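Student: structure of the sequence below:
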Amino acid sequence: MAVAASYLKKHTELLVKDVGIEAACELTGKSKATLGRYYSDAEEHTERFMPIDAVAALESAAQYPHVTAALSELKGITLSFGENRRNAPSGGINSDVIALSQRFAMLMSEYSQAIEDGIITINEAKRLLRETQALQQVLVDMKLHLEDESS
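Tutor: Model (predicted):
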């Protein structure tokens with residue numbers, strides 16, 4: 001199975017499990033067996049993928065747009081998802097620089113813990129990814145503030 005196909009099937013499974021199999025069946029009108037075929041890596045299901053309307057229905061109920069994120073990552077596109085988790089409201093460039101340094105420190109702390117034993121586990125990689133995305137959001141906010149000040 002191609003790497004991209006396997007990656008999409010993995011994220012389809014994450015999406016169904018995020019929503020819950022029973023709720024996924026209800027939202028999509030598909031049976032458990034049909035949903036299972038969409039993310040099965042068995043040879044007879046390699047060409048079978050979840051229809052986009054079913055993905056949209058599930059992602060509206062999920063905590064995270066798993067399949068959309070996977071598709072964007074395969075094309076090298078970065079999505080910005082989630083609520084703002086800052087400790088204080090934005091105060092412009094100065095507070096952005098502070099937030100940037102704090103987020104970078106948190107990322108480095110996570111990295112230091114993850115690499116301590118020489119192996120980055122899946123859970124450690126997920127934490128690093130979350131910190132990287134939070135750092136990215138700070139950079140986007142900073143960019144927006146800089147654009148506001150330059151216009």
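Student: let's see stretch 137-149 as CSV, backbone CA atoms only.
Tutor: Listed next in CSV are the C-alpha coordinates belonging to stretch 137-149 (Å, rounded to 0.1, in the frame of the first residue of the first chain):
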residue,chain,number,x,y,z
GLN,A,137,0.2,30.2,16.3
VAL,A,138,2.2,32.7,18.2
LEU,A,139,4.2,33.5,15.1
VAL,A,140,1.0,33.9,13.1
ASP,A,141,-0.3,36.3,15.7
MET,A,142,3.0,38.2,15.7
LYS,A,143,2.9,38.4,11.9
LEU,A,144,-0.7,39.8,12.0
HIS,A,145,0.3,42.4,14.6
LEU,A,146,3.4,43.5,12.6
GLU,A,147,1.2,43.8,9.5
ASP,A,148,-1.3,45.9,11.5
GLU,A,149,1.4,48.2,12.7
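Student: roughly how far out does that stretch sit from the chain middle?
Tutor: For stretch 137-149, the gap between its own C-alpha mean and the chain's C-alpha mean amounts to 22 Å (CA atoms, centre = their mean, to the nearest Å).
Student: over to stretch 17-37?
Tutor: Put simply, stretch 17-37 sits 21 Å off its chain's centre (CA atoms, centre = their mean).
Student: could you tell me the end-to-end distance of it?
Tutor: 14 Å (CA to CA, to the nearest Å).
Student: packing partners of the biggest helix by length in the chain?
Tutor: Longest helix in the chain, counting residues (DSSP state H): helix 122-150. The contact analysis (3 or more CB pairs under 8 Å, 6 or more residues apart in numbering; DSSP states H and E) places helix 122-150 against helix 93-115. All C-beta spots, glycine's among them, are computed from the backbone N, C-alpha and C.
Student: so the helix it packs on versus helix 122-150, what angle?
Tutor: For helix 93-115 against helix 122-150, the angle by axes from the mean of the first three to the mean of the last three CA atoms, to 10 degrees is 170 degrees.
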